[in-house]
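Participant: What follows is a protein structure lacking sequence information:
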C-alpha cells in the first residue's frame with residue numbers, strides 16, 4: 001500500500017470493502033459507486049470523476065493490476081469484471097484497497113477529516129468511525 005497514505009485511511013478503505021461483503025473487485029466497485037452517488041451532489045459528477053481518475057492513476061504506481069481499470073465519463077469504474085475473470089485473490093484486493101484508500105485520502109485532503117468521516121457514516125452507518133491519529137505532544 002502507498003506509504004504516503006496514513007494507516008488510518010488505509011484501514012478505513014479495507015473496512016469499507018469488508019462491509020460490502022463481496023470479493024475484492026465487486027466490493028471496490030460497490031464502494032466507489034456509493035461514494036459517487038453521495039459525492040456528486042457535493043462536488044458534481046465531473047468533480048467526482050476527476051477525484052476517482054486521480055486516485056486510479058496514483059494507485060496504479062504500486063498496483064499495476066489496476067492497469068485495465070478505467071473511469072468512465074459518468075464516474076463509474078469499468079474493467080473489474082474482466083480482471084475478475086483472469087485474476088482473483090490478494091493482488092486484486094490489494095489494488096482495490098489502494099484505490100479506495102487513495103480516493104478517501106484525496107477526499108480528506110479537500111474537505112477535511114471530519115467531513116470525510118461524516119460522509120462515510122452517512123453511507124455506511126454500521127462502520128465505526130476511525131479516531132484521529134494522536135498528535136505528537138510538544139516537548
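Facilitator: The structure has been received and is ready for your questions. This is a predicted model, so every value here is computed, not measured. Numbers count the residues shown, from 1 in each chain.
Participant: Moving C-terminal from the least confident helix or strand in the chain by mean pLDDT, which element do we reach first?
Facilitator: The least trusted helix or strand in the chain, going by mean pLDDT, DSSP states H and E, turns out to be helix 80-86, with a mean of 71. The helix or strand immediately downstream of helix 80-86 is helix 90-111, counting by DSSP states H and E.
Participant: Now do the helices in the protein.
Facilitator: Ranges of helices in the chain, per DSSP state H, are 7-19, 24-60, 80-86, 90-111, 113-123.
Participant: For residue 68, find the nearest of those helices.
Facilitator: Closest approach to residue 68 among those is made by helix 80-86 (5.6 Å; Cβ to Cβ). C-beta coordinates here come from the backbone N, C-alpha and C atoms, glycine included.
Participant: Give me the nearest residue to the residue nearest to the spatial centre of the chain, chain neighbours excluded.
Facilitator: Per Cα atoms, centre = their mean, the C-alpha nearest to the average position across the chain is that of residue 100, at 1.4 Å. Nearest non-adjacent residue to residue 100, counting by Cβ to Cβ, 6 or more residues apart in numbering: residue 13, 3.9 Å away.
Participant: and what of residue 22?
Facilitator: Closest to residue 22 by Cβ to Cβ, 6+ apart is residue 30, at 6.6 Å.
Participant: Listing request: residues of the protein with sub-threshold pLDDT.
Facilitator: Along the chain, segments meeting pLDDT under 70 span 1-3, 84-89, 129-139.
Participant: any chance of the helices of the chain in JSON lines, plus distance to residue 66?
Facilitator: Listed next are the helices of the chain as JSON lines, based on distance: least, Cβ to Cβ, whole Å:
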{"stretch": "helix 7-19", "distance to residue 66": "14"}
{"stretch": "helix 24-60", "distance to residue 66": "5"}
{"stretch": "helix 80-86", "distance to residue 66": "8"}
{"stretch": "helix 90-111", "distance to residue 66": "5"}
{"stretch": "helix 113-123", "distance to residue 66": "22"}
